[in-house]
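# following is a predicted model, sequence given first.
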Amino acid sequence: MNGRLSSGQPRLDAILGGGLPADAINLIVGPPGSGKTILAEQYLFHNATPERPGIYLSTVSEPLEKLIRYGQTLSFFDAEAIGSRVMFEDLGHALAQDGLDAVVERVATLLKERRPGLLVIDSFKALETFGETRERYRRALHQLAGHLTAFPATCFWVGEYAGPELGLAPEFAVADAILSLSTLRQGSRELRLLQVLKLRGSDFRSGEHAYRIGLDGLRVFPRLGVVGAVPDYTAEQRRLSSGIAALDAMLDEGYWGGASTLVAGPSGAGKTLMGLHFVFKGAELGEPGVIATLQENPVQLERMARGFGWSLARDDVELMYRSPIDVYLEEWFYDLIEVIERTGARRVLVDSLADLRLATTDEVRFREYLYSLLQYCATGGISLMLTLETTHGGFPEISDYGVSNLSDNVVVLQIPHQDERLTHTMTVLKTRASHHDPAVRPFEITGDGIALSEP
């Protein structure tokens, strides 16, 4: 393969094994509104130069004026580049007047006169309508591919292909790479997905990858389950305080550094408070922390923290709040990684798993997310605490989430009845590679936080 063409977005290039093949024919397919034109323009503006300009040819889909007008609202759209390194041209009139032969002839002329580095035809699928017969369309397609192969230019064919067309249209056999954009409805939500259907002579990340469309174009979030072998790393040999002295004793001097802890219990049991103990104790010991929450908004959480003598205004504690209404699992994960790496966090609280699970109806996708998160933290020596809301009454069911077996520690909080009043209890259900006290310990929530009593 003769080099790669970058999209300007490292995560998308990683899905493509380093980028799309340069000087090749690439198909971008998907239904209307899926972002095909935006993706093609991203490649155009990122790679076009005055010496090797990019040419965008519209056919009979969107009017050229509308395409440029909406393009100008995007951050990567450089108005000063128009006419120097990026050109737009409407082929609609020539196509309607003289048919496919006029398009083939015009493309050949542009290749010779402008010597472009990139060439976009949008919509390519519309050309088939002017082929009159299947045989004539195939002949024109062959001629067009011949011109593009003879000249070193990267070509993008954009079209509204779907269903059976993905395997039957002749242009799919000619293309060197095929990117599919689609939308999956999950209840009242919509999830945008990108998939590589073909990438000639190159490896790529399989499966469906989530993406969003914003002012900066397509932002892609590679599927979390696509990870290489776990790298060699040295497990920490020191103990970390949970922030609750009596719990440290139950855990045989605290958690192992870099361990993951699941805190499960019903609403009001003290899960978030236990997480705050964990994060703020780490900050006191010089370990920056991140509170990643979908439960409490910043105002609510600050009020709660101040009630126990803490404050989110500390420089060594960062709050990452996201609304659970329209969260993508993958986007949330990558946002969290960016915050951890920017702050150098050594302790992370995720509150809560139940909200993250609601972000997808795909159980396999959810488990892939959890595995990837736990592996990232374990190999990076980052101590992780996750909260999980369970139902009241009896011992909670936590195995359905697929995280209890992966967690190094499992702590269960309950609210049993005693003498016509509710009490709080804590039990260390599991600690990996460590002794622990399995007693059921009652506790109270005081002005200083959680205060454990004797069993």
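Nice, thanks for sending it over.
# who are the packing partners of the helix or strand encompassing residue 113?
Here residue 113, judged by DSSP states H and E, is contained in helix 100-114. Using 3 or more C-beta pairs under 8 Å, 6 or more residues apart in numbering; DSSP states H and E as the contact criterion, the elements in contact with helix 100-114 are strand 54-58, helix 92-98, strand 118-122, helix 134-150. C-beta: built from backbone N, CA, C; applies to glycine.
# show me what the first one is in contact with.
The set of residues that contact strand 54-58 without belonging to it, under C-beta atoms under 8 Å, 6 or more residues apart in numbering, is 40-41, 44-45, 47-48, 64, 67, 85-92, 107, 110, 114, 116-123.
# filter the residues you listed down to the buried ones, ChimeraX style.
Applied in ChimeraX, the following selects the buried portion of these according to 16 or more other C-beta atoms under 10 Å:
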select :40,41,44,45,47,48,67,85,86,87,88,90,91,92,107,110,114,116,117,118,119,120,121,122,123
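# how is the protein divided into domains?
Using automatic domain parsing, the domains assigned to the chain come out as 4-221, 239-452.
# same list (these) but as a markdown table, adding distance to residue 233 and mean pLDDT.
Listed next are the domains of the chain as a markdown table, based on distance: least, C-beta to C-beta, whole Å; pLDDT from 0 to 100:
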| stretch | distance to residue 233 | mean pLDDT |
| --- | --- | --- |
| domain 4-221 | 21 | 89 |
| domain 239-452 | 5 | 90 |
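# okay, those domains in CSV with distance to residue 232 next?
Rendered in CSV, the data for the domains of the chain read as follows (distance: least, C-beta to C-beta, whole Å):
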stretch, distance to residue 232
domain 4-221, 22
domain 239-452, 9
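# tilt between the helix holding residue 113 and strand 118-122?
Here helix 100-114 runs at an angle of 160 degrees relative to strand 118-122 (axes from the mean of the first three to the mean of the last three C-alpha atoms, to 10 degrees).
# quick one, helices of the chain?
Using DSSP state H, the helices of the chain run over residues 10-15, 36-47, 64-71, 92-98, 100-114, 134-150, 165-168, 171-174, 245-250, 271-284, 298-306, 329-343, 353-357, 363-379.
# could you give me the buried positions within the fifth one?
Just to be clear, that refers to helix 100-114. So for helix 100-114, counting by 16+ other C-beta under 10 Å, buried means 100, 102-104, 106-108, 110-111, 114.
# next one: stretch 287-301
Applying 16+ other C-beta under 10 Å to stretch 287-301 flags 287-296, 301 as buried.
# re the thing from before, in a markdown table: the helices and strands packed on helix 100-114, plus distance to residue 434.
As requested, these are exported to a markdown table (distance: least, C-beta to C-beta, whole Å):
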| stretch | distance to residue 434 |
| --- | --- |
| strand 54-58 | 59 |
| helix 92-98 | 71 |
| strand 118-122 | 58 |
| helix 134-150 | 63 |
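# nearest to residue 204, of those?
For residue 204, the closest of the helices and strands packed on helix 100-114 is strand 118-122, at 20.5 Å, according to C-beta to C-beta.
# relative to residue 345, how far out is residue 267?
Per C-beta to C-beta, to the nearest Å, residue 267 is found 27 Å from residue 345.
# these two: who's more crowded?
residue 345 (25 against 10; other C-beta atoms under 10 Å).
# mind listing what that one touches?
288-290, 318, 339, 382.
# ok so, going back, adding distance to residue 431, write the helices of the chain out as TSV.
Converted to TSV, these look like this (distance: least, C-beta to C-beta, whole Å):
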stretch	distance to residue 431
helix 10-15	36
helix 36-47	48
helix 64-71	56
helix 92-98	69
helix 100-114	67
helix 134-150	62
helix 165-168	51
helix 171-174	55
helix 245-250	9
helix 271-284	15
helix 298-306	27
helix 329-343	24
helix 353-357	20
helix 363-379	15
